[in-house]
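Student: Next one to model:
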Amino acid sequence: MADAIQLVTLATFAAALFYLVTLLIGQWRTKSVIAESHSMSRGIVQAQINEILERTRVKKSKSEDAWSGLRKFRVARKQMEATDVCSFYLEPHDGKELPSFQPGQFLNFKIQPENRAKPAFPCYSLSDSPKSEYYRVTVKHQKTPPKVPDAPPGVSSSYFHEELEEGSIIDVKSPKGGFYLDTTRQTPVVLIGGGIGITPGLSMLNHIVETGSRRETWFFLGIKDGDEHMFKEHLEEVAAKYENVRLVVCYSRPREGVDVEGRDYHVKGRVGADLFKEMLPSNNYDYYFCGPPPMMDSLFEGLTAWEVPEDRIHYEAFGPATVGKKKEADAAAAVDKPAVDAATFDVTFKKSNKTVPWDPNAHSLLRFAMDNDVAIDYSCEAGNCGTCLTALVSGDVDYISDPAEEPEKGTCYACVSIPKGAVSIDA
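Tutor: Modelled structure (predicted):
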């Protein structure tokens with residue numbers, strides 16, 4: 001009888017203990033869920049706050065011109081990134097804090113190379129995220145091509161590599177450009193760089209990881225071989241540290257016995273839409289790319305054929321060859337419009353005291369001026385840098401490609417404009 005009572009007592013005690021443990025676990029789980037819910041709520045609220053702050057920063061940055069005209073900078077440091085590729089760290093000569101910029105924008109310089117009568121006005125993309133103490137640009141030395149031994153080397157890149165030293169002073173305009181990452185959104189992005197075209201994408205990538213953004217980011221780099229592999233260690237460190245970043249490096253012609261697939265690069269071949277179809281889970285990304293004109297054209301055509309909406313295709317255009325798509329689209333849209341007989345109007349260059357019949361085959365007012373020995377300062381030839389801004393004395397122009405910024409009233413960007421009719425410009 002006593003044994004039976006003990007068994008009943010033990011069973012009752014075990015049941016009570018089980019109930020108590022179950023109750024405690026339930027309370028612990030409830031608290032954990034509540035804590036996790038609060039944590040998630042705080043995370044969502046913080047993300048919303050960060051997005052509002054970023055939109056405010058972008059709006060402020062867009063509304064405030066950093067500085068007018070030229071500002072003097074000192075070359076604080078030169079750092080080689082690959083063969084013939086050098087980064088220049090520029091600190092303000094006046095020691096004042098630097099204004100921010102949009103990741104992907106560029107700097108316009110005024111330089112005076114030796115043995116050149118007139119100054120040059122090159123543009124180079126900022127290759128780092130915004131910093132308050134310095135700007136960084138990365139420049140490839142454009143040497144004489146081996147297949148064209150009579151061609152001169154690049155004037156501006158030669159000046160940067162051969163004449164600029166640490167401590168040199170250089171004139172710089174404030175950051176500008178319409179090609180930049182939309183930092184107010186957290187949608188997934190694909191950043192693409194071809195050769196030295198890596199620079200704006202690198203600025204975007206650094207901004208994403210340094211601001212703590214968790215947006216899905218793919219970074220594609222297309223180069224010839226390991227000799228051209230700039231920022232190799234930095235890119236690998238970023239990809240290893242941040243789960244939201246995927247790095248894909250393509251070598252078009254890897255060096256046999258030197259460049260190892262899987263160690264130095266991921267894909268043998270070129271960056272293109274076919275590769276994206278293989279690696280990306282869908283086409284639902286914003287694409288930002290910069291590189292040589294053939295690569296740019298190929299990417300634009302490939303992404304369009306893959307049914308990526310054009311408002312998700314963003315690219316940096318430098319040089320007349322890279323605005324061909326826009327020009328072709330505009331020409332196609334104007335097929336049914338009555339043509340203007342170019343022979344019926346003239347272009348007057350007021351400063352040069354020249355009046356010349358407009359040539360309908362001229363690419364732009366800038367090229368037309370150059371063909372007629374009229375000097376207009378220029379750099380990008382894509383309506384980005386503003387160097388060719390010219391006063392309109394009379395008449396009006398059309399744009400073959402949308403400029404990065406709306407020109408002031410009574411002016412035009414000569415590199416991407418053509419006259420609507422008789423026009424007089426201050427050149």
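Student: From L191, how far out is S282?
Tutor: Distance from S282 to L191, counting by CB to CB, to the nearest Å: 17 Å. C-beta: built from backbone N, CA, C; applies to glycine.
Student: Which one of those two is surrounded by more residues?
Tutor: Looking at S282 and L191 with other CB atoms under 10 Å, you find the greater number of neighbours at L191, namely 28 against 8.
Student: I figured the more buried one was touching C290, is that so?
Tutor: No - contact criterion CB atoms under 8 Å: L191 and C290 do not qualify, at 9.3 Å.
Student: mind checking pLDDT for T144?
Tutor: With respect to pLDDT, T144 scores 82.
Student: Check A66 too.
Tutor: 79.
Student: show me the contacts for it.
Tutor: L98, P99, F101, S174, P175 (CB atoms under 8 Å, 6 or more residues apart in numbering).
Student: Can you tell me, leaving aside adjacent residues, what's nearest to the second one?
Tutor: Spatial nearest neighbour of P99, excluding adjacent residues (CB to CB, 6 or more residues apart in numbering): A66 at 4.0 Å.
Student: I'd like to know how far that neighbour sits from K354.
Tutor: 37 Å.
Student: Make a PyMOL selection of whichever of the contacts of A66 turn out to be buried.
Tutor: The buried residues among those can be selected in PyMOL (16 or more other CB atoms under 10 Å) with this line:
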select buried, resi 98+101+174+175
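Student: Now render the contacts of A66 as CSV, adding pLDDT, secondary structure and distance to L365.
Tutor: Shown next, in CSV, are those (pLDDT from 0 to 100; DSSP: H, G, I helix; E, B strand; the rest coil; distance: CB to CB, whole Å):
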residue, pLDDT, secondary structure, distance to L365
L98, 95, coil, 34
P99, 95, coil, 32
F101, 97, coil, 29
S174, 94, coil, 25
P175, 95, coil, 26
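Student: For the contacts of A66, please prepare JSON lines with the additional fields distance to Y159.
Tutor: JSON lines is the format used below for the contacts of A66 (distance: CB to CB, whole Å):
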{"residue": "L98", "distance to Y159": "23"}
{"residue": "P99", "distance to Y159": "26"}
{"residue": "F101", "distance to Y159": "23"}
{"residue": "S174", "distance to Y159": "21"}
{"residue": "P175", "distance to Y159": "20"}
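Student: Which SSE is immediately downstream of the helix or strand of the chain with the lowest mean pLDDT?
Tutor: Lowest by mean pLDDT, DSSP states H and E among the helices and strands of the chain is helix 324-333, with a mean of 47. Of the helices and strands lying after helix 324-333 in sequence (DSSP states H and E), the nearest is strand 346-349.
Student: Adjacent strands (with direction) for that next one?
Tutor: Paired with strand 346-349 in the same sheet, following DSSP bridges, are strand 354-357 (antiparallel), strand 423-425 (parallel).
Student: Pull the distance from it to the chain's centre.
Tutor: 36 Å (CA atoms, centre = their mean, to the nearest Å).
Student: buried sites along stretch 183-200?
Tutor: 183, 186, 188-200.
Student: My read is that P113 contacts F121, right?
Tutor: No - under the criterion of CB under 8 Å, P113 makes no contact with F121, lying 11.6 Å away.
Student: So for the two, which residue has more residues nearby?
Tutor: Using other CB under 10 Å, the more surrounded residue of P113 and F121 is F121, with 20 against 16.
Student: how near is the more buried one to S213?
Tutor: 34 Å.
Student: Repeat that for G226.
Tutor: Using CB to CB, we find G226 at a distance of 30 Å from S213.
Student: what does V155 give?
Tutor: Applying CB to CB, the value for V155 to S213 is 39 Å.
Student: of these two, who's got more company?
Tutor: Taking other CB under 10 Å, V155 and S213 do not tie; S213 has more neighbours (21 against 14).
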